[in-house]
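Undergrad: Generate coordinates for the sequence data below:
(one chain, ligands or ions: 1)
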Amino acid sequence: MTAAVPRPPQAPSTPARQAPPGPALIEVLTRAAGHGSPAAFELDGRPMTLVTDPEQVRQVLACRPEVYVKHSHRARALLGDGLITATGDAWKRQRRLLQARFTVTGVRRYEAGIAAAAERIARRWSAAAGTGDLVDVGEDMRFFALDTIWRALTGDPLDEAAHRELAAVDTVVAALPTTAGAPTGDPAEVGAALGRIDATARRVIAAARARRAAHGPSDALLDLLLDASGSDAGDPDRLVRDELVTLLVAGHETTAQTLAWLFLMLHQNIHVPRTSEPGALVAETLRLYPAVWLVPRCAARDDVLGGRRVAAGSGVLVCPYLTHREPAWWPDPERFDPARFLPGGVRPAHPGAYVPFGLGPRACLGQQFALRETAALLARLLPAFTVELRDPPAAPVFGANLRPGGPLPAVVRRRT
Ligand code: HEM
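TA: Sure thing, here's the model as predicted:
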């Protein structure tokens, strides 16, 4: 904080009951968190440790990454050996390659593409305001987020064919298990969707190669990936494909869900000024609805966390959703209050108390990109339009990402 609130005394960690599959996981975790942090429980017969205390979150994600490792990633079929799933030296190489393009300064090069993508949505909303047609806010946010990352990757605006093909990504993401080992969606459907994603990726990579041959290298991320790809003699495009799909998936679902939640928050909190600082609106939305609500790790060896033993091989779950709602750290935690993130606002100073982008070496590569694109879109839309959601979904879906439980149809009007 600016005014740090002390931790409450810890209750003994009692094993919670066996987890049912699927959406009830959040209930299991909420119950387990009630026993203190870290909390031991079983999930599908596997020993798990839930970590919600900010200092323990920091230990797991930032201080001891060699103990708390990524393991048998649930999205490997989709992401291959891209940055999210890679480990060891391969991860280090890839992270180093991409890092400079995603710093505060590095993302400036995407500003024109982001502005053009925001303008596209503004035009769509202007047209809908003229005709009175409903817009689907969730769909528009997904299109925007995909358009921005597509432009960064390829240098081109997202075209309708690619947009249609990439719907397959959502099929796969929706079918992902929430934690490693949990059941996945229909294998045939997922397999077909993966096939479509592969075909799209290969087509885009071939086009980028051809363009490079004709016109020389460009500023697009794909060119950077192609430059670095030469060494894989078997299939030089394989890692490029994996990284392309990784950036497409990581770079659009999370941003799209965050923006969807933000419009839902504004709908439910009419007292919050629409002209609030966009950065504060986004930050507070990410506190209450962190798209990555669960960050799983595996203990590579025995360890002690918060005075309790964590056995080698057990799963460790960091849960930003629960940590961000911990009343000892966040006064009146259920209240949507963007002022927490304005200068002088009361928020915890501990780096583990607010982790929507993770923490430590595996923290989000695209944080600055996400903050810039969301701020740019809101700065374009909020002063220009009013948004009235019709029948917004009531319950969140705690899946691979945290998302609103249905579409967000809305009437948009031009502000006078
Ligand atoms: C609001 C939007 C976003 C949120 C909430 C978010 C959240 C996260 C979180 C929590 C992690 C860490 C996961 C872990 O430690 O296991 C992560 C990793 C990652 N994110 Fe994001 N992300 C967002 C947007 C983006 C964007 C726009 C991109 C790409 C342009 C991106 C690319 C990545 C990548 C590549 C990783 C893996 C990094 C590594 O392991 O080295 N993300 N993200």
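Undergrad: Excluding sequence neighbours, find me the nearest residue to Arg101.
TA: Once flanking residues are discounted, Arg101 sits nearest to Leu221: 6.4 Å by Cβ to Cβ, 6 or more residues apart in numbering. Where C-beta positions appear, they are placed from N, C-alpha and C, glycine not excepted.
Undergrad: My guess is that neighbour contacts Thr148. True?
TA: No: in terms of Cβ atoms under 8 Å, Leu221 does not count as a neighbour of Thr148; the distance is 11.9 Å.
Undergrad: Pull up the residues of this protein that are close to the ligand.
TA: The interface of the chain toward the ligand, taken as Cβ under 6 Å from any ligand atom, is made up of 83-84, 95, 149, 246-247, 250-251, 254-255, 258, 286, 291-292, 295, 356-358, 362-366, 369-370.
Undergrad: Looking at Leu221 and Thr148, which has the bigger crowd around it?
TA: Just comparing Leu221 and Thr148: by other Cβ atoms under 10 Å the higher neighbour count belongs to Thr148, 29 against 25.
Undergrad: SS state for that one?
TA: helix (DSSP: H, G, I helix; E, B strand; the rest coil).
Undergrad: looking at it, it is touching Ile114, isn't it?
TA: Yes: if you go by Cβ under 8 Å, Thr148 and Ile114 touch, sitting 5.2 Å apart.
Undergrad: list residues touching both of those two?
TA: The contact sets of Thr148 and Ile114 overlap at Glu373 (Cβ atoms under 8 Å, 6 or more residues apart in numbering).
Undergrad: returning to that earlier point: and the residue nearest to Arg101, what does it touch?
TA: Leu98, Arg101, Ala152, Leu153, Leu247.
Undergrad: Verify the contact between the last one and Leu79 for me.
TA: The reference is to Leu247. No: using Cβ under 8 Å as the test, Leu247 is too far from Leu79 to be in contact (9.8 Å).
Undergrad: Spit out the residues that contact these two alike.
TA: Counting by Cβ under 8 Å, 6+ apart, Leu247 and Leu79 have no common neighbour.
Undergrad: quick one: which of these two has more around it?
TA: For Leu247 against Leu79, the residue with the higher neighbour count under other Cβ under 10 Å is Leu247, and the figures read 26 against 22.
Undergrad: can you tell me the helix or strand for the more buried one?
TA: In this assignment (DSSP states H and E), Leu247 forms part of helix 238-268.
Undergrad: buried set for that helix?
TA: Using 16 or more other Cβ atoms under 10 Å as the burial criterion, the residues of helix 238-268 that qualify are 239-267.
Undergrad: what do you get for stretch 45-63?
TA: Using 16+ other Cβ under 10 Å, the residues of stretch 45-63 that count as buried are 48-62.
Undergrad: again, but for stretch 352-366
TA: 352-360, 362, 364-366.
Undergrad: May I have the distance across that stretch, first residue to last?
TA: Across stretch 352-366, the terminal residues are separated by 19 Å (Cα to Cα, to the nearest Å).
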